[in-house]
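Undergrad: from the sequence below, what's the structure:
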Amino acid sequence: MPVSQSCLVCQNIDCKSRGSEQLAAELQQKIAAKGLTDVDVKPYMCFGACQEGPNVVIYPEKNWYAHVKSEDLDDIVAHLAGAPHVQRLDTIDSSLKELIYQLLDTGVF
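TA: Okay, the predicted model is just below:
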């Protein structure tokens, strides 16, 4: 059975001002339309990369997508369905990624 994935969408002020609430809603619709029942969309308070937002982290897979726009969502959903990760959106510094992944691994979300 595949591991359930969560799409954590930052909902802090900077990401919200760039449309993260709408992105989360669109992402949820696209995931449902694709029939991906093992993927859910959840809000996340802040990943600490405000200038890179909107930010979406796929967990527990540990892929971080930055500067996400509506037109990127089909590629993200394709990745969730088994396509390779979306390289052009993978721009976050590896040390920050590792810190956030460690927090997520402790259950902080």
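Undergrad: surely residue 4 is in contact with residue 42?
TA: No: the criterion here is C-beta atoms under 8 Å, and residue 4 misses it with residue 42 at 11.3 Å. Using the backbone N, CA and C atoms, a C-beta is placed for each residue, glycine as well.
Undergrad: ok, which stretches of this structure are helices?
TA: Per DSSP state H, the chain carries helices over the ranges 13-17, 20-34, 73-80, 94-105.
Undergrad: any idea which of these gets closest to residue 47?
TA: helix 94-105 (5.4 Å; C-beta to C-beta).
Undergrad: with just CA atoms, put that closest one into PDB.
TA: What follows is helix 94-105, C-alpha atoms only, in PDB (Å, rounded to 0.1, in the frame of the first residue of the first chain):
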ATOM      1  CA  SER A  94      19.400  22.300   1.300                       C
ATOM      2  CA  SER A  95      20.200  23.300   5.000                       C
ATOM      3  CA  LEU A  96      16.800  25.000   5.400                       C
ATOM      4  CA  LYS A  97      15.100  22.000   3.800                       C
ATOM      5  CA  GLU A  98      16.800  19.600   6.200                       C
ATOM      6  CA  LEU A  99      15.900  21.700   9.300                       C
ATOM      7  CA  ILE A 100      12.200  21.800   8.200                       C
ATOM      8  CA  TYR A 101      12.200  18.100   7.400                       C
ATOM      9  CA  GLN A 102      13.600  17.300  10.800                       C
ATOM     10  CA  LEU A 103      10.800  19.400  12.400                       C
ATOM     11  CA  LEU A 104       8.300  17.500  10.400                       C
ATOM     12  CA  ASP A 105       9.800  14.200  11.300                       C
END
